[in-house]
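> Just the structure for this:
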Amino acid sequence: QRLEPVAGDVRVDLLCFETVPCAQEARAIVQLLSMDARFAGAHAWVSMSCRDDEHTCAGESFAGEVVPLLWSCPQVVGIGVNCTAPAHVACLLAAAKGKLQQLAADAAAGHAATRARPPVLLTYPNSGEGWDGENRCWISAPGVSEPEHFAEHARQWVAAGAVCVGGCCRTTPGHVTALRASLLTNKKS
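Here you go, the predicted model:
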């Protein structure tokens with residue numbers, strides 16, 4: 001129902017599904033893209049929300065379960081992690097990159113679905129602050145959520161394979177400015 005305004009609209013180049021908490025929702029996205037004729041030519045990125053270095057918020061293996069599922073849909077051109085603590089992202093991306101390389105090798109050997117091009121990796125984590133669901137508020141994380149700390153992590157995300165980086169919940173223009181400066185400095189060195 002939420003996608004009705006863009007269904008079949010040729011002006012839409014990319015659908016972005018973000019903060020997906022579980023493999024079941026990722027599977028529904030793959031089914032929508034694969035089976036609904038109105039989305040036959042659509043490309044999408046799917047970005048998962050994860051709870052630790054390995055698992056989606058629902059507890060499934062990001063690299064082991066979700067990445068192969070998304071690989072199976074050629075319309076998925078980007079796989080990512082968002083609204084996740086910055087400290088978890090590099091491990092998640094590194095594992096996803098390894099799984100994508102394995103799937104590409106399996107496809108070349110005829111053991112997995114082939115794709116014209118592998119999906120890119122992307123990330124836009126939250127600031128690192130915690131969410132208190134009971135009191136419905138953010139919990140400060142001194143030494144973790146500052147822009148400089150966020151920017152230090154960004155180098156690790158790019159090293160782990162991310163080609164698109166940004167910020168999600170509780171990130172500010174200061175976070176993005178620090179992230180950009182860090183990556184530009186890293187690129188020059």
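> what sits against the residue of the chain most remote from its centre?
Here the chain reaches farthest from its C-alpha mean at Asn135, the gap being 27.7 Å by Cα atoms, centre = their mean. Taking Cβ atoms under 8 Å, 6 or more residues apart in numbering as the definition of contact, Asn135 has no neighbours. All C-beta spots, glycine's among them, are computed from the backbone N, C-alpha and C.
> I'd guess it is in a strand, am I close?
No - counting by DSSP: H, G, I helix; E, B strand; the rest coil, Asn135 is not found in a strand; it is coil.
> Show the model's pLDDT score for Leu100.
pLDDT for Leu100: 97.
> Isn't it up against Val67?
Yes - if you go by Cβ atoms under 8 Å, Leu100 and Val67 touch, sitting 6.5 Å apart.
> Among those two, which residue is more densely surrounded?
Neighbours per residue (other Cβ atoms under 10 Å) separate Leu100 from Val67, with Val67 holding more: 25 against 22.
> helices or strands next to the helix ranked longest in the chain in the packing?
In the chain, ranked by residue count with DSSP state H as the criterion, the top helix is helix 86-108. With contacts taken as 3 or more Cβ pairs under 8 Å, 6 or more residues apart in numbering; DSSP states H and E, helix 86-108 sits against helix 67-71, strand 76-82, strand 120-124, helix 147-159.
> tell me which residues in the third one are buried?
Think strand 120-124. Neighbour-count burial for strand 120-124, counted by 16 or more other Cβ atoms under 10 Å, picks out Leu121, Leu122, Thr123, Tyr124.
> Mind putting those into TSV with distance to His153?
Output for the buried residues of strand 120-124, formatted as TSV (distance: Cβ to Cβ, whole Å):
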residue	distance to His153
Leu121	15
Leu122	15
Thr123	10
Tyr124	12
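> Next up, the contacts around the spatially most central residue of the chain.
Central residue of the chain (Cα atoms, centre = their mean): Gly80, 1.3 Å from the mean position. By Cβ under 8 Å, 6+ apart, the contact set of Gly80 is Glu18, Trp45, Val46, Ser47, Met48, Leu121, Leu122, Thr123, Tyr124, Ala162, Cys164.
> taking the mean pLDDT, what do you get for stretch 182-189?
Stretch 182-189 shows a mean pLDDT of 79.
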